[in-house]
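**Student:** output the structure for:
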Amino acid sequence: MLIYNQLRRLKTLLVNIKRFYWSISPKGFVPNINFDYVEKQKKVLLSYSSCSFSYDYPSVLYHSNSREITQFIKILIELDFCVDVIDCDYPFPNKVIGRKTYDVVIGFGEPYKLACLNSPNAIKIFYLTENLPSYVAEKSKERYMYYKKRTKNRRIGIRRDAILFKEEYLYLSDFVIELRASPLNLDNITEYCISPTGLINSNYVWMDKDFKKAKRNFLWFGSSGAIHKGLDILVDIFKRLPDLNLYIYGLDKSESFVLKAKSDNIHVCGIINVNSPLYLTEIVERCAFVILPSCSEAQSTSVITNMLHGLIPIVSRECQFPKFPFGFQLDNYTVEYVAEVVNVVAELSVEELRDRSYKTYIYAREHYVIKAYASKLKSILENIILNGVGHNENNRK
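**Tutor:** The predicted model follows:
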């Protein structure tokens with residue numbers, strides 16, 4: 001376990017070094033997009049993940065936020081703003097924006113905070129892509145304690161990656177755009193909700209599959225934060241259910257301790273490209289369900305990606321999705337409770353599963369695609385910037 005903790009710290013260090021060098025690269029700060037030498041313009045700072053500028057669209061796409069930042073920029077250009085984009089992880093924001101003032105500030109991270117403080121009269125829009133940090137910390141601790149109670153492993157520490165949100169940012173903001181189905185109901189701040197997008201395999205069209213086989217197969221489609229995302233609970237469950245299969249994609253190797261003494265029906269499959277043919281054959285055709293008993297999410301894009309291909313969602317209420325009539329909500333995270341839900345859904349008829357899968361696909365294609373996101377985002381930004389709705393007021397949207 002000592003070696004594991006040392007390797008984890010080394011990996012964290014290497015990731016931070018990579019982020020540092022990326023953020024100070026020329027693409028870490030991109031100023032004066034849409035600058036007009038003739039007409040005087042208002043200026044906006046967008047503090048977000050600027051790594052999108054390194055991608056070759058549309059052939060390369062690794063995360064849905066890459067498309068979201070492009071929509072932000074497109075809408076701001078349509079509103080005739082001169083746009084500065086800075087990476088939310090930029091280590092020394094004071095060096096590039098320290099003396100600048102803005103009419104509008106959007107995003108998160110330390111650059112967002114700095115720009116808000118330097119531009120007290122600006123419209124400040126906090127873009128919240130997770131739950132409040134205090135809530136996340138509480139729920140994560142709860143899950144780690146549950147893991148330690150079941151395994152007697154006392155050496156595992158709470159892991160949280162890429163923490164770019166601090167509650168102090170809220171107090172600097174006039175508005176919050178939240179990737180949730182319903183607002184947080186914060187005090188003295190106007191809230192707007194928007195649904196994120198998922199990735200879509202360009203070769204996929206709706207297809208039927210062998211649900212008699214597929215209903216025995218469940219997908220965990222994750223990343224780092226295995227305990228946070230409930231993988232340890234699923235491993236405990238599927239060890240007891242040898243007739244069902246759990247397929248694991250995206251598990252961070254440093255967290256493979258959750259697989260200790262795994263059974264043969266638990267398959268660790270590495271990372272997969274959603275736009276590859278393998279994704280369609282190995283996941284979409286094989287699995288009926290995507291399951292995520294996470295302790296805290298903001299409408300997980302990993303779940304959304306698989307919903308866009310017809311996989312039926314089984315998600316904890318902490319994932320902040322609406323209660324889907326075609327999916328299943330987990331109201332408890334205990335091994336016994338989640339196992340009961342897994343057993344029930346695995347016994348549903350082929351006809352019902354086919355109907356739920358198709359309804360999942362249709363709903364996702366209406367609500368979780370970039371066209372729907374762009375339309376809602378444009379409406380929100382126009383409402384705030386052009387109409388001044390809610391500025392320094394108490395109303396919520």
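**Student:** could you chop the chain up by domain?
**Tutor:** Taking the TED database as the domain assignment, the ranges for the chain are 22-130+165-195+371-395, 211-368.
**Student:** show me where the chain has strands.
**Tutor:** 29-33, 42-48, 81-87, 104-107, 123-128, 175-178, 190-193, 217-221, 245-249, 266-268, 289-292, 312-316, 328-330 (DSSP state E).
**Student:** how many neighbours does Tyr363 have?
**Tutor:** The local packing of Tyr363 (other CB atoms under 10 Å) involves 18 other residues. Quick note: C-beta positions are derived from backbone N, CA and C, even for glycine.
**Student:** circling back to that earlier point, so can I have TSV of the strands of the chain showing mean neighbour count and distance to Phe238?
**Tutor:** Converted to TSV, the strands of the chain look like this (neighbours: other CB atoms under 10 Å; distance: least, CB to CB, whole Å):
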stretch	mean neighbour count	distance to Phe238
strand 29-33	15	46
strand 42-48	25	37
strand 81-87	24	39
strand 104-107	27	40
strand 123-128	24	33
strand 175-178	23	33
strand 190-193	21	34
strand 217-221	24	8
strand 245-249	21	4
strand 266-268	16	5
strand 289-292	27	10
strand 312-316	24	13
strand 328-330	18	15
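**Student:** I'd like the domains of the chain laid out as TSV, including mean pLDDT and distance to Lys141.
**Tutor:** Shown next, in TSV, are these (pLDDT from 0 to 100; distance: least, CB to CB, whole Å):
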stretch	mean pLDDT	distance to Lys141
domain 22-130+165-195+371-395	85	16
domain 211-368	95	9
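**Student:** what's the closest of the ones you listed to Glu142?
**Tutor:** Nearest of these to Glu142, taken as CB to CB: domain 211-368 at 6.7 Å.
**Student:** for that closest one, what is the distance to the chain centroid?
**Tutor:** 16 Å (CA atoms, centre = their mean, to the nearest Å).
**Student:** cool, stretch 203-212 as well?
**Tutor:** 26 Å.
**Student:** buried ones in that stretch, by neighbour count?
**Tutor:** By neighbour count with 16 or more other CB atoms under 10 Å, stretch 203-212 contains the buried residues Tyr204, Lys209, Phe211.
**Student:** dump the residue contacts of the nearest residue to Tyr368 once chain neighbours are set aside.
**Tutor:** Closest residue to Tyr368 apart from its sequence neighbours, by CB to CB, 6 or more residues apart in numbering: Ile304 at 4.7 Å. Contact analysis of Ile304 by CB atoms under 8 Å, 6 or more residues apart in numbering lists Ser64, Pro196, Thr197, Gly198, Ala364, Tyr368.
**Student:** and the gap between the residue lying closest to Leu132 once chain neighbours are set aside and Tyr361?
**Tutor:** Of all residues not flanking Leu132 in the chain, Glu167 sits nearest, at 6.1 Å (CB to CB, 6+ apart). For Glu167, the distance to Tyr361 (CB to CB, to the nearest Å) stands at 37 Å.
**Student:** of those two, who's got more company?
**Tutor:** For Glu167 versus Tyr361, the count of surrounding residues by other CB under 10 Å is larger for Tyr361: 20 against 11.
**Student:** that one: what's it in contact with?
**Tutor:** By CB under 8 Å, 6+ apart, the residues touching Tyr361 are Trp206, Met307, Leu308, His309, Gly310.
**Student:** all helices for the protein, in order.
**Tutor:** 2-23, 65-78, 93-97, 110-118, 133-151, 167-171, 211-214, 231-239, 277-279, 301-307, 335-346, 350-367, 370-385 (DSSP state H).
**Student:** list the buried residues of the last one.
**Tutor:** Neighbour-count burial for helix 370-385 flags Ile370, Tyr373, Ala374, Lys376, Leu377, Lys378, Ile380, Leu381, Asn383, Ile384, Ile385 (criterion: 16+ other CB under 10 Å).
**Student:** distance of the first one relative to Trp220?
**Tutor:** I take that to be Ile370. Noted for Ile370: a distance of 25 Å to Trp220, by CB to CB.
**Student:** rewinding a little: list just the nearest of the buried residues of helix 370-385 to Lys100.
**Tutor:** Lowest distance from Lys100 to the buried residues of helix 370-385 (CB to CB) belongs to Ile385, with 18.5 Å.
**Student:** Leu79 is in contact with the closest one, correct?
**Tutor:** Yes - contact criterion CB atoms under 8 Å: Ile385 and Leu79 qualify, at 6.3 Å.
**Student:** what residues does stretch 206-216 touch?
**Tutor:** 243-245, 284-289, 310, 345-346, 348, 350, 353-354, 357-358, 361.
**Student:** related to what we said a few turns ago, which of the helices of the chain is buried the deepest?
**Tutor:** Highest mean neighbour count of those: helix 301-307, a mean of 25 (counted as mean count of other CB atoms under 10 Å).
**Student:** residues contacting Lys43?
**Tutor:** For Lys43, the contacting residues are Phe81, Cys82, Val83, Asp84, Lys100, Thr101, Tyr102, Asp103, Val104, by CB under 8 Å, 6+ apart.
**Student:** now swap in Lys378 and tell me
**Tutor:** So Lys378 contacts Ile75, Glu78 (CB under 8 Å, 6+ apart).
**Student:** measure it to Val85 for me?
**Tutor:** Per CB to CB, Lys378 is found 18 Å from Val85.
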